[in-house]
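Asker: Whatever this is, show me its structure:
(2 chains)
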Amino acid sequence: MKANYFKALCALSLACMFHTPVLHAQSKTEIEVTLPSFTGPMVYRPYVAIWIENEQEEVVKTLEVWRKEPDWLKDMRRWWRKAGRYDQGELDAVTGATKRPGQYRLTWDGTDQKGLKVAPGYYWVNVEAAREHGNRSWVRERVDTTSAQRYLIKPTEELGEILIKTGGK
Amino acid sequence: MKKIKMLALASGLSLSLLGVQVSAHPMWMLPSEFNVSTEEGHWVTVDATASHGVFGFDKAIPVDQVAIFRPGGERQRMGSYFKGQRRSVFDFELTEQGTYKVELAMSPRYMTSYNIGGRDTQRRVMGNKVEVASQIPKEAREIQTTMMQNIAAFYVTQKAPTREVLELKGQGFELDAITHPSDLVVGEEAELRFLFNGAPVVGLHAEWVPGGTAFRSSRLQQDLTTDKDGRIRFTPEHSGPHLLSINMRQEGDGVLADQVAVNYLLSVEVAPQ
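Answerer: Take a look at the predicted model:
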């Protein structure tokens, strides 16, 4: 709903319409992920992966992986199948400890895993979370990196609201 | 404020770390069949493991404390057994008609925790209040002894269900199966009751989860709470094996323990309509 509102707002604004990809060669995509809190006798921190896929659903870059033991990486089913299992060590740089409930901001600088700029256009922003004694949630949003827009992903079992902003400088 | 939070976190963490057999990994058993139609002897094989996945194997558990009760209530020996890296297995033979009860009630364990020093360091001693009395320094604060017990159970019925093994003893944590465990059916309301030392356990949280969590995204967990009579009522939506998990925390007798923590896990089959 909100995303549509912003799209509509954008379409009405001349500035938006005439923003050309050239201006956004350096464009950044900001992602704000919220991890909800749970109550109960067995609440553990989720394993979370955030990554970018192109329109062909090929992985462009893994942005973050919040994890502990490697044993449960496979429970992020899609990320593991598409990226995790092919890791040759390059993912060390993007892995961090599991996180508490709260809001986390990260940025995709428009580069691939090797650090090379990718062509502006449509990309899928993916977020997947798996929690021991809990559920697995995977959400994604198709975003246009050539224009400044806001996208909102509704909460799921394991993930709170996710806000994505494209076209930032 | 921050300190309080940190302390709360630390104590929660240490309890979960320590309670490896208590809360870290739910311990359960899964039989090859819950309902049997043979008329002669029939062997049932049982998997036993401690795992968050329902029903996925993770850690083998000792099965020497497993008790098998015949429909008349007498104890029966198990057949072959095996303890592997990830699960334990045992077999037992059904020779009588009616409902068998199989229960793994681990011996209760006592743990005493207290805080000490300017930094409120948390220390722990294994033992009940009487046993550890001489080991606790005079300046210790927030001394608390918890009795912890894990119970895993299931029922197997050969031909028609019987109720002798469901009779209540009025001791420890008990299931009062108002709906017989062999009579859970998709779409039909089931009613179970829980008692501790004969008294209904009120406001108790129970988790009801269909098997196969490793192969789907949602755990499909239904959260239930016992009413003033210690009852839960629910209508199963899926057929197949299910795990009912309960974590009871209650005040203890004050003599041996201040708090009692029981984890009860019942494996039960839901029949299709």
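
Asker: Excluding sequence neighbours, find me the nearest residue to residue 167.
Answerer: All of this is about chain A. Leaving aside its sequence neighbours, residue A:167 sits nearest to residue A:148 (CB to CB, 6 or more residues apart in numbering or on different chains; 3.1 Å). Every residue, glycine included, has its C-beta placed from N, CA and C.

Asker: wrong one, chain B
Answerer: Nearest non-adjacent residue to residue B:167, counting by CB to CB, 6+ apart: residue B:73, 7.7 Å away.

Asker: I'd say the one you found and residue B:165 touch.
Answerer: Yes: contact criterion CB atoms under 8 Å: residue B:73 and residue B:165 qualify, at 6.2 Å.

Asker: Spit out the contact partners of residue 112.
Answerer: Using chain A here. Counting by CB atoms under 8 Å, 6 or more residues apart in numbering or on different chains, residue A:112 touches A:60, A:61, A:118.

Asker: Wait, chain B was what I had in mind.
Answerer: For residue B:112, the contacting residues are B:124, B:125, B:126, B:127, B:128, B:129, B:132, B:136, B:143, B:144, B:145, B:146, by CB under 8 Å, 6+ apart.

Asker: if we go to 6 Å?
Answerer: Residues in contact with residue B:112 (CB atoms under 6 Å, 6 or more residues apart in numbering or on different chains) are B:125, B:132, B:145.

Asker: Run a quick neighbour tally on residue 55.
Answerer: As the question left the chain open, I've gone with chain A. Neighbourhood size, residue A:55 [other CB atoms under 10 Å in any protein chain shown]: 10.

Asker: if you could check chain B rather than the one you did, that'd help
Answerer: 22.

Asker: repeat for residue B:257
Answerer: Neighbours of residue B:257 (other CB under 10 Å): 22.

Asker: need the contact list for it.
Answerer: By CB under 6 Å, 6+ apart, the contact set of residue B:257 is B:145, B:147.

Asker: Report pLDDT for it.
Answerer: With respect to pLDDT, residue B:257 scores 93.

Asker: and if you look at residue B:120?
Answerer: For residue B:120, the model assigns a pLDDT of 86.

Asker: Please apply the same query to residue B:3.
Answerer: At residue B:3, pLDDT is 40.

Asker: picking up where we left off before, just want to know which of residue B:73 and residue B:165 has more residues nearby.
Answerer: Regarding residue B:73 and residue B:165, a neighbour count based on other CB under 10 Å identifies residue B:165 as having more, with 20 against 10.

Asker: so what's the more buried one up against?
Answerer: Neighbours of residue B:165 in contact, by CB under 6 Å, 6+ apart: B:69, B:99, B:101.

Asker: Now do the same contact list for the residue nearest to it when sequence neighbours are not counted.
Answerer: Excluding the flanking residues, the one nearest residue B:165 by CB to CB, 6+ apart is residue B:101, at 3.7 Å. Taking CB under 6 Å, 6+ apart as the contact definition, residue B:101 lies against B:69, B:155, B:165.

Asker: Can you tell me the SS state at the last one?
Answerer: Using DSSP: H, G, I helix; E, B strand; the rest coil as the criterion, the local structure at residue B:165 reads helix.

Asker: Give me the distance between it and residue B:79.
Answerer: Between residue B:165 and residue B:79 the computed distance is 19 Å (CB to CB, to the nearest Å).

Asker: likewise residue B:272?
Answerer: 30 Å.

Asker: Looks to me like residue B:131 is in a strand.
Answerer: No: counting by three-state DSSP, residue B:131 falls outside a strand, being helix.

Asker: residue contacts, the closest residue to it other than its chain neighbours?
Answerer: Among residues not flanking residue B:131 along the chain, residue B:110 sits closest, at 7.2 Å (CB to CB, 6+ apart). With contact set as CB under 6 Å, 6+ apart, residue B:110 has these partners: B:127, B:128, B:145, B:147.
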